[in-house]
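A.B. asks: Have a look at this prediction, sequence included:
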Amino acid sequence: MPELPEVEIVRKSLDQNINGKTIKKVLIKNRNLRFEIAKHFEKQLLKKKILKVDRFSKYLIILFEDKSSCIIHLGMSGTIHLIKKKESNIFTNTSFYHSPYLPKKHNHIFIEIEDIKIIYNDPRRFGYFIFKKNLKELNNYFNKFGPEPFSKNFNLVYVSRNLSKKEKNIKNFLLDQNFVSGIGNIYANEILFQCKINPVRSGKTLNQNDFKNLIFFSRKILNKAIIKGGSTIRDFRNISGKQGSFQKTFKVYMREGKNCINKNCNGTIKKINISNRSSFFCNICQK
DNA sequence: AAGAGGCCCTGATAGC
DNA sequence: TGCTATCAGGGCCTCT
């Protein structure tokens, strides 16, 4: 599901609902996610007051008042669901409204935060939760990552220095989180279309104008996706069950065989495999 | 050292 | 209907 825009949508709605509240209960039904959830995880979260919900790249960061934190990665299929406590029962028991969007299977983690219950669902179990004791540990975790597209560090000098003379193709560069953080397969395809760059082009064949476009359109596409509430393919929703709409504006992703949307271009959208990921591009205007 | 590919896992869909 | 094969928004690990 989630690239940077989708994770940002989740972050925003999660922050609005749990900011300033205290964790009352943690229940883990299945510890066997991408990495096994640590033995003392429940204890580490219990009674922690939430300062804010942050995000870096495709990672959610629940920051606590004592500067400890919980990193959440949603993998390919992770979703977070939010349920509010029933008003009428608030003093009598802990029953919550049932969310119509809560799947029946694969609900692995339940966290009660005062009048809110959040539930982590993940069929493929590629996601994970990690607790970090302090800011130093948290920062160390993201040390190896490249800048987000929005960062001032993702600039012409940086891109030029990293791509020039490299054999690796530009599609794999955009997916390489050590080069730039937060772009996944959908947005990599859409960004390259806007840049008019063929995904198989190697870094060393690109010029300064290509680098400028890569920076500009990475920012533009991700920003636009965030404004549109992310992309809903398969069943992505924000934690309140609302769908995104950026998928309606896909220019190449999932458009194999269709006409290029650019006026004056007679091209057709092609689909090829690059490092086992689908790549969609116009065979004429992406050179 | 850089880069390609396998693999972790379940579910949806297509084809027979 | 039911089988099998293929593919999916990520990224870590291993091998060359």
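C.D. replies: Thanks, I have it. Numbers count the residues shown, from 1 in each chain, chains lettered A, B, ... in the order given.

A.B. asks: Flag every residue of the stretch 51-200 of chain A that's near DNA strand B.
C.D. replies: With CB under 7 Å from any atom of the strand as the criterion, the stretch 51-200 of chain A meets DNA strand B at residues A:77, A:105, A:106, A:123, A:124, A:125, A:126, A:166, A:167, A:168, A:169, A:172. Every C-beta, even on glycine, is put in place using the N, C-alpha and C of the backbone.

A.B. asks: I'd assumed residue A:110 was in contact with residue A:27.
C.D. replies: Yes: between residue A:27 and residue A:110 there is a contact under CB atoms under 8 Å: 4.2 Å.

A.B. asks: Next one, pLDDT for residue A:93 please.
C.D. replies: What the model reports for residue A:93 is a pLDDT of 55.

A.B. asks: rewinding a little: quick one: which of residue A:27 and residue A:110 has more around it?
C.D. replies: residue A:110 (17 against 12; other CB atoms under 10 Å).

A.B. asks: Verify the stated contact: the more buried one with residue A:116.
C.D. replies: No: in this structure, residue A:110 is not within contact of residue A:116 by CB under 8 Å, at 11.3 Å.

A.B. asks: In chain A, spot the helix with the most residues.
C.D. replies: Counting residues, the longest helix in chain A under DSSP state H turns out to be helix A:208-227.

A.B. asks: which strands and helices sit next to that one?
C.D. replies: helix A:4-18, helix A:156-163, helix A:170-175, helix A:185-195 (3 or more CB pairs under 8 Å, 6 or more residues apart in numbering; DSSP states H and E).

A.B. asks: Looking at those helices, which is nearest to DNA strand C?
C.D. replies: DNA strand C lies closest, by CB to the nearest atom of the strand, to one member of these: helix A:185-195, at 3.6 Å.

A.B. asks: Give the other helices and strands that that closest one contacts.
C.D. replies: For helix A:185-195, the packing partners by 3+ CB pairs under 8 Å, 6+ apart are helix A:170-175, helix A:208-227, strand A:277-282.

A.B. asks: Which one of the ones you listed lies nearest to DNA strand C?
C.D. replies: strand A:277-282 (3.2 Å).

A.B. asks: Any buried residues in that closest one, and which?
C.D. replies: Residues of strand A:277-282 classed as buried: A:279, A:280, A:281, A:282 (neighbour count, 16 or more other CB atoms under 10 Å).

A.B. asks: cool, stretch A:170-178 as well?
C.D. replies: Here stretch A:170-178 shows A:170, A:171, A:172, A:173, A:174, A:175, A:177 as buried, counting by 16+ other CB under 10 Å.

A.B. asks: ditto for stretch A:153-168
C.D. replies: So stretch A:153-168, judged by 16+ other CB under 10 Å, has buried residues A:154, A:158, A:159, A:160, A:162, A:163, A:166.

A.B. asks: Can I get it as PDB, trimmed to CA atoms?
C.D. replies: Coordinates of each C-alpha in stretch A:153-168 appear next as PDB, following Å, rounded to 0.1, in the frame of the first residue of the first chain:
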ATOM      1  CA  ASN A 153      19.500  18.300   0.800                       C
ATOM      2  CA  PHE A 154      17.800  16.700  -2.300                       C
ATOM      3  CA  ASN A 155      19.300  19.300  -4.600                       C
ATOM      4  CA  LEU A 156      21.100  19.600  -7.900                       C
ATOM      5  CA  VAL A 157      24.600  19.000  -6.400                       C
ATOM      6  CA  TYR A 158      23.400  15.900  -4.500                       C
ATOM      7  CA  VAL A 159      21.500  14.300  -7.400                       C
ATOM      8  CA  SER A 160      24.300  15.100  -9.800                       C
ATOM      9  CA  ARG A 161      27.000  13.700  -7.600                       C
ATOM     10  CA  ASN A 162      25.000  10.500  -7.000                       C
ATOM     11  CA  LEU A 163      23.800   9.700 -10.500                       C
ATOM     12  CA  SER A 164      26.700  10.800 -12.700                       C
ATOM     13  CA  LYS A 165      28.900   8.000 -13.900                       C
ATOM     14  CA  LYS A 166      26.600   5.400 -12.500                       C
ATOM     15  CA  GLU A 167      25.500   2.300 -14.500                       C
ATOM     16  CA  LYS A 168      22.400   1.800 -12.400                       C
END
